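> Predicted coordinates and the sequence they were generated for:
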Amino acid sequence: MSAMVQQGTGMTSVDTARAELMPVQPESELQASARRARTRSIIWVWVGRAAVAVFVIGGWQLFTQLKWVDSFFYGQPTKIWDSLVTLFTEGTAFGSIWDQLWVTVQEALLGFLFGSIAGVIAGILLGSNRYLSNVFSPYIKILNSIPRIVLGSIFIVAFGLGIFPKILLAGVLVFFAVFFNAFQGVREVDQNLVANVRVLGASPFQVARHVTIPSAMTWIIASLHTAFGFAIIGALVAEVLGAQKGIGLIISQSQGRFDPNTVFACMAIMAVFTLGAEYLITLLERSVLKWRPPVRSEAQSI
Amino acid sequence: MTERSSTWVTTPPSARPWPLGVADDAARIDIIGLTKRFLTPKGEPFTAIQDVTLAVEPGQFCAIVGPTGCGKSTTLAQVSGLDKPSSGSVQVGGHIVDGITNGVSYMFQADALFPWKSVLQNVLVGPVLLGTPKKQAESLAKDWLRRVGLSGFEDRYPHQLSGGMRKRVALAAALINNPRILLMDEPFGALDVQTNAIMQTELLGLREELRPSVLFITHDLDEAVALSDRVVIMTSGPGTVKDIFDIDLPRPRGDVPTLRHEQRFIELQTQIWESLRDEVPRAYERTAGVAA
């Protein structure tokens, strides 16, 4: 632009600038420039993400290297990488890492599945029936106030070291996260819509199918993100408390051997798995909630 | 607008057993000594409407006008059967209303559209709830969208439409089951003046065809006179019927904005305003007193 301004000898610089701006950009060019701007902003986000990773991991490596922080207690990124490699090449004392991962994933997924189904059903039942919710509300509050991790010990005593008590603990953690959202979602249903379909002759079952459940879906899906985190926590904690297989078992064994690097390596493995699952939940969210106006709040994109 | 109304005459496949355009006795509404009390949050009884008696002939368009809080909506809820009267009764077609009344459609001021359903899906909810096969319901819904001038918008979601278009969808959804009785609670209240006038004209046209009995709540006197055969004035605290006016403007009435300049329209409007005039400040004073 500045080169053009200098060339325009006869005109003032403002006129030249205006003449430059006047011709309307063709549609395709507008689109292309919008696309370029979008690509640029995506690139910058990834640059930022990489910078954060370099800063944290690099700092960690640097501080432990300089002995400001003792790597015996806090691990060191390069050593964590070594133990990751060891885990995948040599396996663990209880079999290959894939075996362990599969057990934990199974527990977390089944716990997530059963917990969220139970949470949705209970939330919708209690949300749409005032009598039931009045009867059960003190008990729900009592159950919710129990530190649920402690339940893990009880489940392991009662059901042994297999995968069932882990599924149960993960399920209980997931249940409450989903239940409260489903309950609230049902309570927020537009009463005009309910009245409308009732007048059109809908049975209570049809009201649930056409109004209550789809309307509560926004709330339920939002809770699934947090709930999945809880499923992983439930499975891992129950494994740490007592197990024959699983990532949690590796963590507790490494803790016994004062080996923080393997603990961190296990965390990294679970992080990768969680990111993948989180992506799938986001896909589900997009397909179920495709009717929503685009991005209502920025918080949803996190 | 008038050109389009001529295409509406084609009889649609009906989800209802009774014929179109003919008002039978089943569409008669008799409200007899209707009283409704609520419990306030403090636990005190509050009388919303008291001893309301009013009849709507089959196929008649009856508007209820009155100040805010005079129990207009409460009356409508009793007719639909969504709510039960404290005393008195509502009869539709000679049968006392107990539970949801058959063959009723309700249109609210806020859009009662499903935000997660497309326009087409929204309209076909009515026939689907009656057990109409999906294919048939779909073609019926498409036909109705054409009648309200929304062909080509079938796949949009409600949030992608303007306020007036959403009202058209709601109107199609309310009329698709060919209701005997149409209950409208300030349906066009939230629209701008021009869209409001268009929707009124459209409603007049569609009503000529289907001839349901209509109970229409509004606070707009012009709207009440332009659309209805009978205007009921309600007073507040507790809600009772004050006056009933018969509107003898000839039908079909055509375009609503033009109608407003006719001599007879102005006479009727003035006459009804006389009756309503004392009510408005009274209601205002009372609510202001509560607020103070």
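Now that the structure is in, tell me what you want to look at. Numbering: from 1, shown residues only, chains lettered A, B, ... in the order given.
> When you work out contacts or count neighbours from here on, use the C-alpha atoms and nothing else.
Noted.
> Report the rounded mean pLDDT for the lengthiest helix in chain B.
Counting residues, the longest helix found in chain B (DSSP state H) is helix B:193-210. The average pLDDT for helix B:193-210 rounds to 85.
> residues of it that come out buried?
B:195-197, B:199-202, B:204-210 (16 or more other C-alpha atoms under 10 Å in any protein chain shown).
> counting contacts, what elements does the host helix or strand of residue B:164 pack onto?
Element membership for residue B:164, per DSSP states H and E: helix B:163-175. Helices and strands touching helix B:163-175, by 3 or more C-alpha pairs under 8 Å, 6 or more residues apart in numbering or on different chains; DSSP states H and E, are strand B:104-107, helix B:119-123, helix B:125-129, helix B:134-147, helix B:193-210.
> next structured bit after that helix?
Counting by DSSP H and E, what follows helix B:163-175 is strand B:181-185.
> Listing partners with orientation, what would you give for that following strand?
strand B:104-107 (parallel), strand B:213-218 (parallel) (DSSP bridges).
> Which pLDDT does the model give residue A:298?
pLDDT, residue A:298: 49.
> now do the one 4 residues further on
Confidence at residue A:302, expressed as pLDDT, is 50.
> what do you get for residue B:12?
pLDDT, read off for residue B:12, is 41.
> repeat for residue A:283
Taking residue A:283 on its own, its pLDDT is 90.
> Could you report the distance from residue A:200 to residue B:79?
14 Å (C-alpha to C-alpha, to the nearest Å).
> do the same with residue A:270
Residue A:270 is 59 Å from residue B:79, where distance means C-alpha to C-alpha.
> so can I have TSV of the helices and strands packed on helix B:163-175 showing distance to residue B:270?
Formatted as TSV, the helices and strands packed on helix B:163-175 follow (distance: least, C-alpha to C-alpha, whole Å):
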stretch	distance to residue B:270
strand B:104-107	28
helix B:119-123	39
helix B:125-129	40
helix B:134-147	34
helix B:193-210	20
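> Looking at those, which is nearest to residue A:79?
helix B:119-123 (58.3 Å; C-alpha to C-alpha).
> now residue A:293, nearest residue through space, not along the chain?
residue B:159 (6.6 Å; C-alpha to C-alpha, 6 or more residues apart in numbering or on different chains).
> If you tally nearby residues, what's the number for the residue in the stretch 51-200 of chain A positioned nearest to chain B?
Across the stretch 51-200 of chain A, the shortest distance to chain B (C-alpha to the nearest C-alpha) belongs to residue A:193, at 5.0 Å. Burial of residue A:193 is recorded as 20 neighbouring residues (other C-alpha atoms under 10 Å in any protein chain shown).
> So for it, what's the pLDDT?
So residue A:193 comes in at 89 (pLDDT).
> any idea of the angle the helix or strand containing it forms with helix B:163-175?
Counting by DSSP H and E, the element that carries residue A:193 is helix A:191-199. For helix A:191-199 against helix B:163-175, the angle by axes from the mean of the first three to the mean of the last three C-alpha atoms, to 10 degrees is 30 degrees.
> who's in contact with helix A:191-199?
Helix A:191-199 is touched from outside by A:207, A:211, B:80-82, B:100-102, B:104-108, B:110, B:112-114, B:126, with contacts defined as C-alpha atoms under 8 Å, 6 or more residues apart in numbering or on different chains.
> Helices of chain B, start to end?
B:2-7, B:72-80, B:119-123, B:125-129, B:134-147, B:163-175, B:193-210, B:221-227, B:256-259, B:263-277, B:279-291.
> How about chain A?
Going by DSSP H, chain A shows helices at A:2-7, A:13-21, A:27-65, A:71-74, A:77-90, A:97-128, A:130-145, A:148-159, A:164-187, A:191-199, A:204-207, A:213-241, A:247-256, A:260-288.
> ok so, going back, would you list the strands paired with strand B:181-185 in TSV and tack on mean pLDDT?
Listed next are these as TSV, based on pLDDT from 0 to 100:
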stretch	mean pLDDT
strand B:104-107	88
strand B:213-218	91
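> Which one, of those strands, ends up nearest to residue A:39?
strand B:104-107 (46.4 Å).
> Spell out which residues of chain A are next to chain B.
Residues of chain A lying close to chain B (C-alpha under 8 Å from any C-alpha of the partner chain) are A:192-193, A:195-202, A:206, A:211, A:214-215, A:289, A:291-293.
> Can you flag the buried ones in those?
Buried among the residues of chain A next to chain B by 16+ other C-alpha under 10 Å: A:192-193, A:195-202, A:211, A:214-215, A:291-292.
> I'd like to know which of those residues is nearest to residue A:55.
Of those, the one sitting nearest to residue A:55 (C-alpha to C-alpha) turns out to be residue A:292, at 37.5 Å.
> need the contact list for the closest one.
Residue A:292 makes contact with B:115, B:116, B:159 under the criterion C-alpha under 8 Å, 6+ apart.
> Nearest to chain A, out of those: which one, please.
Using C-alpha to the nearest C-alpha, the contacts of residue A:292 come closest to chain A at residue B:116, 5.1 Å.
> measure that closest one to residue A:188 for me?
Distance from residue B:116 to residue A:188, by C-alpha to C-alpha: 15 Å.
> Looking at those two now, which is surrounded by more residues?
Higher neighbour count among residue B:116 and residue A:188: residue B:116, with 19 against 14, using other C-alpha under 10 Å.
> Give me the nearest residue to that one, chain neighbours excluded.
residue A:291 (5.1 Å).
> one step back: of the helices of chain B, which stretch is the most buried?
helix B:119-123 (a mean of 25; mean count of other C-alpha atoms under 10 Å in any protein chain shown).
> Residues contacting it, please?
Contacts for helix B:119-123 (C-alpha under 8 Å, 6+ apart): B:113-114, B:138, B:141-142, B:145, B:153-158, B:169-170, B:172-173, B:176.
> Residue B:97 reaches residue B:83, doesn't it?
No - contact criterion C-alpha atoms under 8 Å: residue B:97 and residue B:83 do not qualify, at 9.9 Å.
> Phi, psi for the residue nearest to residue B:116 please.
Reported as degrees, to the nearest 10, the phi and psi values for residue A:291 are phi -80, psi -10.
> Please list all residues in contact with it.
Counting by C-alpha under 8 Å, 6+ apart, residue A:291 has contacts B:115, B:116, B:117, B:118, B:157.
> Okay, residue B:271 and chain A: tell me how far apart.
35 Å (C-alpha to the nearest C-alpha, to the nearest Å).
> What pLDDT is listed against residue 48?
I'll assume chain A. The model's pLDDT for residue A:48 equals 96.
> if you could check chain B rather than the one you did, that'd help
86.
> Could you do residue A:2 as well?
44.
> swap in the one 4 residues further on?
With respect to pLDDT, residue A:6 has a value of 45.
> and if you look at the one 4 residues further on?
Predicted confidence (pLDDT) at residue A:10: the value is 48.
> Residue A:228 now?
For residue A:228, the model assigns a pLDDT of 92.
> That one and residue A:172 touch, don't they?
No - if you go by C-alpha under 8 Å, residue A:228 and residue A:172 don't touch, sitting 11.9 Å apart.
> Got the phi and psi for residue A:188?
In terms of degrees, to the nearest 10, the main-chain angles of residue A:188 are phi -90, psi 0.
> List the contacts of it.
residue A:216.
> do you know how far residue A:231 is from residue B:145?
47 Å.
> Need the residue closest to the centroid of chain B.
Compute the mean C-alpha point of chain B, and by C-alpha atoms, centre = their mean the closest residue is residue B:184, 2.0 Å away.
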